[in-house]
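Peer 1: kindly return the folded structure for what I paste below:
(chains A and B)
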There are 2 protein chains.
Amino acid sequence: MNAICQYTVEQYIDELTNFHAHLAPGVLVGGFMVDAAVRRMTAYEFFDAICETSQCLPDAIQILTPCTIGNGWLKIVNTGRFALTLYDKKSGNGVRVSMDASKLDRYPEIKRWFMRLVPKREQDGDALVSEIQEAGNSILSIEAVRVSPAFLVKHVPIPIALCRSCGEAYVEKGSGLCLACEGKAIYI
Amino acid sequence: MNAICQYTVEQYIDELTNFHAHLAPGVLVGGFMVDAAVRRMTAYEFFDAICETSQCLPDAIQILTPCTIGNGWLKIVNTGRFALTLYDKKSGNGVRVSMDASKLDRYPEIKRWFMRLVPKREQDGDALVSEIQEAGNSILSIEAVRVSPAFLVKHVPIPIALCRSCGEAYVEKGSGLCLACEGKAIYI
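Peer 2: The predicted structure is shown next:
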């Protein structure tokens, strides 16, 4: 595997190390996952993304596609699984790519890392990165999916109001209070 | 205001347009917000980030700081308010920066956009971008905060298991089922 979307693998490693702040194996595997998905979505001009974990994988999507958390084209729906889906936002048709635990026996370092069989300090980071590059998309499962209509809904703009407790502007959904003043505690 | 962290304003506009896929006013304002926060966090070698909205602002944080969704240093805690906090993950001490609706009267385009007083098609995008650059950090509120201990907890690695329904590897929290098989519906 010599290419991850628009990058060589080496270029992608530079990009991910810069964006993610360190060379995380999950973002490297994620590059092959995004690449596999994007190649199957060429029939669509635009696509949205769902990521089933908040760990590592969202950054691969954000580096390699136009979908980001801030523009709303990437949504995290945590199922605990290391998987992502790209889908057409009109029809919901798309492709889901996941790590396939049944394909890891040839790659002991990947298996140790992915299945959390040993603590991080006992992993061989260089061997792990080499195995991920060697494995490419051979450790993935790829399937056609259709995303639930709940993810296709066009959001209607919600009004902004001033919270009657803290006075700050917030997205008003009916209570007159922002969610912090309703009890979501962030600060002490 | 000629600088947003390591960028000139013009460079930052290029970066955000590339990452966010379009020149969103919220990511431009967000640049000044992140800049204001980072300048007050120089005493700390590292910091984490909390963003109180998923709209636009997370991308400013991801472009300008090492904190991303995928590396876990950026958390979104939705209060409905357009605000971010950078904080020291040991002590919880940090700085919160928010848009201040009471400071917008001098900037009618910003007010129309931020308070959603008119539909998007009736906004003057160029005038809005100009006003945001002129306003810089003069439309922000900046306050010292202390983040709740809940956000300082070091996460203990959770084991990976194979879901007894779908068979996929997932983060096991006790039920034997991944959250998708527990009922979080994504696909039809």
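Peer 1: okay, now A:Trp73: neighbour count?
Peer 2: 20 (other C-beta atoms under 10 Å in any protein chain shown). In short, each C-beta sits where N, CA and C put it, glycine included.
Peer 1: for A:Asp35, give me its contacts.
Peer 2: If you count contacts by C-beta atoms under 8 Å, 6 or more residues apart in numbering or on different chains, A:Asp35 has them with A:3-5, A:64, A:137.
Peer 1: can you redo the residues you listed as CSV with pLDDT?
Peer 2: Shown next, in CSV, are the contacts of A:Asp35 (pLDDT from 0 to 100):
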residue, pLDDT
A:Ala3, 94
A:Ile4, 97
A:Cys5, 96
A:Leu64, 98
A:Asn137, 96
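Peer 1: could you identify the most distant pair in the residues you listed?
Peer 2: Spatial extent of the contacts of A:Asp35 (C-beta to C-beta) is set by the pair A:Leu64 and A:Asn137 at 13.9 Å.
Peer 1: who's more crowded, these two?
Peer 2: Counting neighbours by other C-beta under 10 Å for A:Leu64 and for A:Asn137 shows that A:Leu64 has the greater number, 23 against 15.
Peer 1: who's in contact with the more buried one?
Peer 2: So A:Leu64 contacts A:4-7, A:12, A:31, A:34-35, A:38 (C-beta under 8 Å, 6+ apart).
Peer 1: what's the ChimeraX line that selects buried ones from those?
Peer 2: Only the buried members of those enter the following ChimeraX selection, criterion being 16 or more other C-beta atoms under 10 Å in any protein chain shown:
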select /A:4,5,7,12,31,34,35,38
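Peer 1: farthest-separated two in the contacts of A:Leu64?
Peer 2: A:Tyr12 and A:Val38 (12.7 Å).
Peer 1: re the thing from before, just the ones of the contacts of A:Leu64 in strands?
Peer 2: Filtering the contacts of A:Leu64 for membership in strands, criterion DSSP state E, returns A:4, A:7.
Peer 1: which one of the contacts of A:Leu64 sits closest to B:Ala43?
Peer 2: A:Tyr12 (34.6 Å).
Peer 1: torsion angles phi and psi at A:Cys178?
Peer 2: phi -70, psi 170 (degrees, to the nearest 10).
Peer 1: and what of A:Glu10?
Peer 2: Main-chain dihedrals, A:Glu10, degrees, to the nearest 10: phi -60, psi -40.
Peer 1: same question for A:Val27.
Peer 2: Dihedral angles (degrees, to the nearest 10) for A:Val27: phi -80, psi -30.
Peer 1: could you check the angle the strand or helix carrying A:Ala60 makes with helix B:57-64?
Peer 2: Secondary structure from DSSP states H and E places A:Ala60 in helix A:57-64. With axes from the mean of the first three to the mean of the last three C-alpha atoms, to 10 degrees applied, the angle from helix A:57-64 to helix B:57-64 works out at 70 degrees.
Peer 1: centre of the chain to helix A:57-64, how far?
Peer 2: 6 Å (C-alpha atoms, centre = their mean, to the nearest Å).
Peer 1: what do you get for stretch A:94-101?
Peer 2: Remark: stretch A:94-101 is offset 12 Å from the chain centroid, using C-alpha atoms, centre = their mean.
Peer 1: who's in contact with that stretch?
Peer 2: A:29, A:33-34, A:36-37, A:40-41, A:47, A:52, A:81-88, A:111, A:114-115, A:139-147, B:162, B:168-169, B:187.
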